[in-house]
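Participant: I'll drop the sequence and a predicted model, then ask my questions.
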Amino acid sequence: MKIRRDKLDTLFSEFIRRRAVARIGGCEYCGKGKRWQDMDCSHFHGRRKLSTRYDPDNCAGLCRPCHFFLGEHPNKHADWFKKRLGSDGYEQLNIRAETICKNLDREKLTLDIKKMIEEIA
């Protein structure tokens, strides 16, 4: 079953990719310089988990080769996220991912994400 992307997904993806460029100038995994438009928003816990779908800690801006590589190597992906978030942050993310979330305030999320984009632009 394919997960549908909507305007909020597109906006959130833009934020994650812009954040990566602002932080390190490109891909958060390999460090190669990229424009935000040439990167992917990679979710550690899949987008089906609504509780972490729009969680900035759950996502990284990656170049396409790194996105594919980490998707094919889940142990390396987990190790990298543990290092990136620290042990406590990684465990908290996993707890949030297992929390049931039925509804999101999409209007508030949209405003919050737009504000975060403005802050890094």
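Facilitator: Arrived safely, thanks for sending. Numbering: from 1, shown residues only.
Participant: need the longest helix for the protein.
Facilitator: helix 74-97 (DSSP state H).
Participant: so residue 28 sits in a helix?
Facilitator: No - going by DSSP: H, G, I helix; E, B strand; the rest coil, the assignment for residue 28 is coil, not a helix.
Participant: neighbours of it, just the number please.
Facilitator: A total of 22 residues lie near residue 28 under the criterion other Cβ atoms under 10 Å. (C-beta placed from N, C-alpha, C; glycine too.)
Participant: so how far is residue 4 from it?
Facilitator: The gap separating residue 28 from residue 4 is 26 Å, by Cβ to Cβ, to the nearest Å.
Participant: please report phi then psi for residue 9.
Facilitator: phi -60, psi -40 (degrees, to the nearest 10).
Participant: contacts only, for it.
Facilitator: Taking Cβ atoms under 8 Å, 6 or more residues apart in numbering, we find residue 9 in contact with residue 47.
Participant: residue 16 against residue 59, yeah?
Facilitator: Yes - at 4.5 Å, residue 16 and residue 59 qualify as touching, with contact defined as Cβ atoms under 8 Å.
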